[in-house]
Structure formats: C-alpha cells, structure tokens
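Enquirer: Structure of the sequence below:
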Amino acid sequence: MKSKSIILSLLFSAVLFSCSDKKDESVSEEILTETDSLDYAEEPETENSALADLQSNATFKNWRKHYQSTDPSFSMNNFNLEQTQKLEMQPGSVKGNFEAEFDKTYEPFLIYNPSRTFYLDIDSYNWSKDEEGNALFEADQAVNMVDVKKKTVQQVAFFGPSYWVEDAFWVSDSIFILLQNNDENVPEISTYNLKDNSVFLFQNDAPIQKSDSSYTKMRLAKKGVKMMP
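Expert: This is a model prediction of the structure:
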C-alpha cells in the first residue's frame, strides 16, 4: 500500500485499530483503505491525544528535516506500509526511574505520553557513558516501556546491529511512533497501538543519501552527551 501521505496512513492505521472491536482477529487480516479525510482522527474525549498535531510534532519535524538536509528527495510520500503484526511484550531488562539503581543519565531522554502515565526508554539498553562522558554503544538496542503507576518495565521492541531506533514520540496516551533506520539507510516508521497491541511498519521505498552526521549523534548532543568521532 502506498498512500498519498504517510501522515494520513499513520493516523488511519492508529485510529482504525483504536476503534476496532475485533480483538481476536489477526492484524494482517484487517483491510486497510486509503482516505483523504481526517474527520475520523479522534480518540475518546477522556484520553489525551495529539493525533491532529502529528504533522507539527517537533520530533517528527526534526527527523524529517535531518534527512531532507542531505537528500531533498526524502519525502513522507515515499513510504509504504510493509508489515502489520501483533505487539508482543516481555519483561524489560532496564531499570525504571522509580528504582534506586536507575541511572539518572537517561532521565532527560525518557519519552512520556501526554498524561505521563507511561514513558519509552530507547537509550539505556543501547549506550552508556565512559569516563570522559562519551556514549559507548552496544550492538543491540531494546525499546522499553515503563508503566509509571504500576511500576513495571516491558520490552516492546528489540533491534540487532543492522537496525536501530533513532527517536520516538507519542501521538496519544496509547499510541506511539518509532523513527528508525538501518545499515542500508532505508528509513522506517513504526506505529504501536497499545489498545489492541497492533504494530504497523512503514518503509521508505529506496535508500537515501547518507548524512555526514547521524541523527542519533545530533539527538544526544542536544542533551549534552557526546559520541566518539
């Protein structure tokens, strides 16, 4: 499926399954149709939501701008829906910020949902600082989600050395988006819906030009963490 706008696809995929009562059906069995209307892009009034502001999301804009600066052809219109699947979570292997062992180095990097009842941690499994304050990276990366009220940590995604998450943000209390890349330089966007445990993976239709500086390096530097040259 190639949509007229990746933004519309993200909204549609997220809202479609938020409103669906078909909890027992496979995600891949659902039929997705294109639409140019955003009238349906609403969640229950009781839930904080930023769905309508997705295009103006600062994280999303920064990520898009980073790649467009070196490859002007980079466009959301070049993304295709590649895969749908059910979200399978497992106990996380990092410390939550409610635990005494939590390394406060990562506090500025925690990504909270609008009501601050959950946060994503895309960093603490992936890197640590050396004595000079430089980030030292592990080969793999885990994305962990923390339930602030229940004080639980769950792993929602895991990536080997060829794939990684560069940033993430929430569009509502139950829907978040991962901005990804890989060693072939083919950017990806994944939407995660916690209401029905659905995951949608969108992929750019071709490799893009490589940047002289990685997005992750830029993201960490903004919060005072350096990377080795």
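Enquirer: distance of the one residue sitting closest to the centre of the chain from D212?
Expert: The structure's the chain has its C-alpha centroid closest to L178; by Cα atoms, centre = their mean the separation is 1.3 Å. Distance from L178 to D212, counting by Cβ to Cβ, to the nearest Å: 24 Å. For glycine as for every other residue, the C-beta is placed from the backbone atoms N, C-alpha and C.
Enquirer: before we move on, what about V186?
Expert: The separation that V186 has from D212, given Cβ to Cβ, amounts to 18 Å.
Enquirer: again, but for S115
Expert: 39 Å.
Enquirer: One more: K149?
Expert: K149 is 43 Å from D212, by Cβ to Cβ.
Enquirer: neighbour count winner among the two?
Expert: K149 (9 against 6; other Cβ atoms under 10 Å).
Enquirer: so the more buried one, which of the three states?
Expert: coil (DSSP: H, G, I helix; E, B strand; the rest coil).
Enquirer: so what's it closest to, chain neighbours aside?
Expert: In space, and not counting its chain neighbours, K149 is closest to T117: 6.0 Å by Cβ to Cβ, 6 or more residues apart in numbering.
Enquirer: do S128 as well
Expert: Using Cβ to Cβ, 6+ apart, the closest residue to S128 is L136 (5.7 Å).
Enquirer: My understanding was that the one you found contacts D130; is that so?
Expert: Yes. If you go by Cβ atoms under 8 Å, L136 and D130 touch, sitting 5.4 Å apart.
Enquirer: average pLDDT for stretch 64-82?
Expert: The predicted model assigns stretch 64-82 a mean pLDDT of 92.
Enquirer: Now do the SS call for the closest residue in space to T152 that isn't next to it in sequence.
Expert: Nearest non-adjacent residue to T152, counting by Cβ to Cβ, 6+ apart: V146, 7.1 Å away. Under three-state DSSP, V146 falls in the strand class.
Enquirer: So what's the residue count around V146?
Expert: With other Cβ under 10 Å as criterion, V146 counts 24.
Enquirer: Thought P91 was touching it, still the case?
Expert: No. V146 is not in contact with P91 according to Cβ under 8 Å; the separation is 11.8 Å.
Enquirer: Quickly list what's touching both of those two.
Expert: V153, Q154 (Cβ atoms under 8 Å, 6 or more residues apart in numbering).
Enquirer: Relative to T84, how far out is the residue nearest to T105 when sequence neighbours are not counted?
Expert: For T105, ignoring the flanking residues on the chain, the nearest one in space by Cβ to Cβ, 6+ apart is K129 at 6.0 Å. K129 sits 37 Å away from T84, going by Cβ to Cβ.
Enquirer: For those two, indicate the residue with more neighbours.
Expert: Neighbour count, other Cβ under 10 Å: between K129 and T84, T84 has more, with 18 against 14.
Enquirer: That's all I had, so thanks and see you.
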